[in-house]
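Show me the folded form of this:
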Amino acid sequence: MVPVNIAAHALRTSVLLLSLVALVPRSFAQPPAPATAPTPPSTASLSGFITDTDGASIAQARVTLAPSADLSTRTILTTLTTSDGGFNFPAVPTGSFTLSIAAPGFVLRQITGTLLPGESRQLDPIALHSGATTDIQVSATQGDIEVAQEEKQRVLGVIPNFYVSYDPHPVPLSPRQKYSLAFKTLIDPISFALTGVTAGEELGAHDFAWELGASGYGKRYAAAYGSFLTDDILTNAVLPILFKQDPRYLYKGTGSIHSRLFYALANGIVCRGDNQHWQLNYSGIVGSLAAGGIANAYYPAPNRDGAALTFEGLAVGTGFSAIQNVIQEFLIPKLTPHLPKRSHPLTPPPTTP
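Below you'll find the predicted structure:
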């Protein structure tokens, strides 16, 4: 959490940015179809059954189909096996693939192959071996797939949208993956650009007890980026690792408008833990307070916030987070290209925290 005056500037800048996104003509966000329908892309289908070594069906096993060469550039599909252990990907891109199968109490198994255009392949029954290492392996493998996808997500292809998971069955992120998302956000060109806009607005308004001119702009830029860096590292990496919480917004996408609205607003103060249970977002709350306290150390003494203003800033930030979640739930997916396709319906989160 940055001081309240900085938070106010960031709030105005973010609201302006989101407003511009919302006002983009539909013809730009979703180009009209050409007069001549394009040739449908070549696809194939892949199906099979998952069993244990005794041949018994395994229901609710997670099956992920991803391109072998580059996880970040092609469609990644995930589904759960049915009661008879079956799974089916009816229309998938052709080419080389890696099929990952994971289930509680079983060792992760991966199968590679190549699908040809128009091919309809049914695999021989895939047997999983009992073991105790599945959870770690699933987190490393499926989490890498999810992070690779999230680091490509940009609103209108430009604005970073890294901290949203559209996967219908997201797995907990490992510490390395949480740091990866935080670092990717810090070094993104848009982050530097928005910091520059904030510093310019502060300079024009004569905010803070610094001189004007290039030197004053540099100090305001450094302070604004330092506040952003501290908040990002604490609330999205360090504390989520310590408290074992997921820093992402987990897109719901199903249910009534009322239930989705409640879910988005509730996620302003709750989050999902690595244990898959919903809990108070300690990472965001504690991280915002700590970041606000640290920010006071490098702002001019006359502009340093007291404890009361820091808590006030936390309340403003929490409310803004809830508004962002609502926008993420209802608007942003329509403006974010190349989202992962859902081969299995999203398992709805609880309707109450």
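
where are the low-confidence patches of the stretch 201-350 of the chain?
305-310, 312-313, 316, 340-350 (pLDDT under 70).

That should have said the stretch 51-200 of the chain, apologies.
The model of the stretch 51-200 of the chain has pLDDT under 70 over residues 69-75, 132-142.

Okay, helices next: where are they in it?
Taking DSSP state H, counting those that start in this stretch, the helices of the stretch 51-200 of the chain run over residues 134-150, 175-186, 189-204.

any chance of those in JSON lines, with distance to Ile294 too?
C-beta here means a position set from N, CA and C on the backbone, and glycine is covered the same way. Compiled in JSON lines, the helices of the stretch 51-200 of the chain are given as follows (distance: least, C-beta to C-beta, whole Å):
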{"stretch": "helix 134-150", "distance to Ile294": "27"}
{"stretch": "helix 175-186", "distance to Ile294": "16"}
{"stretch": "helix 189-204", "distance to Ile294": "17"}
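
Which parts of the chain are strands?
Taking DSSP state E, the strands of the chain run over residues 43-52, 62-67, 77-80, 86-93, 95-102, 109-115, 120-122, 126-128, 154-155, 159-160, 164-165, 249-250, 270-272, 278-280.

if we can go back for a sec, Gln60 is nearest to which of the helices of the stretch 51-200 of the chain?
Gln60 sits nearest to helix 134-150 of all the helices of the stretch 51-200 of the chain, at 13.1 Å, using C-beta to C-beta.

picking up where we left off before, let's have the helices of the stretch 51-200 of the chain in TSV, adding mean neighbour count and distance to Asp54.
As requested, these are exported to TSV (neighbours: other C-beta atoms under 10 Å; distance: least, C-beta to C-beta, whole Å):
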stretch	mean neighbour count	distance to Asp54
helix 134-150	19	18
helix 175-186	18	34
helix 189-204	16	53
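
among these, which is nearest Leu234?
Leu234 sits nearest to helix 175-186 of all the helices of the stretch 51-200 of the chain, at 9.2 Å, using C-beta to C-beta.

now that closest one and helix 189-204, what's the angle there?
50 degrees (axes from the mean of the first three to the mean of the last three C-alpha atoms, to 10 degrees).

list the helices and strands helix 175-186 packs on?
Helix 175-186 sits against helix 134-150, helix 213-233, helix 239-243, with contacts defined as 3 or more C-beta pairs under 8 Å, 6 or more residues apart in numbering; DSSP states H and E.

for it, the distance to its chain's centre please.
Put simply, helix 175-186 sits 11 Å off its chain's centre (C-alpha atoms, centre = their mean, to the nearest Å).

same thing with stretch 118-132?
29 Å.

same check, this time on stretch 114-127
With C-alpha atoms, centre = their mean as the basis, stretch 114-127 stands 31 Å off its chain's centre.

Kindly list the longest helix within this protein.
Identified as the longest helix of the chain according to DSSP state H is helix 307-330.

so what's the backbone phi/psi at the nearest residue to Pro337 once chain neighbours are set aside?
Distance criterion C-beta to C-beta, 6 or more residues apart in numbering; nearest residue to Pro337, sequence neighbours excluded, is Gly157 at 5.8 Å. With angles defined as degrees, to the nearest 10, Gly157 sits at phi 80, psi 10.

can you tell me how far Gly157 sits from Lys334?
Look at Gly157 and Lys334: by C-beta to C-beta, to the nearest Å, they are 13 Å apart.

before we move on, what about Gln153?
According to C-beta to C-beta, Gln153 stands 13 Å off from Lys334.

likewise Asp84?
Taking C-beta to C-beta as the measure, Asp84 falls 36 Å from Lys334.

likewise Ala315?
The gap separating Ala315 from Lys334 is 30 Å, by C-beta to C-beta.

Equivalent analysis for Val155, please.
Distance from Val155 to Lys334, by C-beta to C-beta: 10 Å.

Repeat that for Leu99.
Computed as C-beta to C-beta, the Leu99 to Lys334 distance reads 30 Å.
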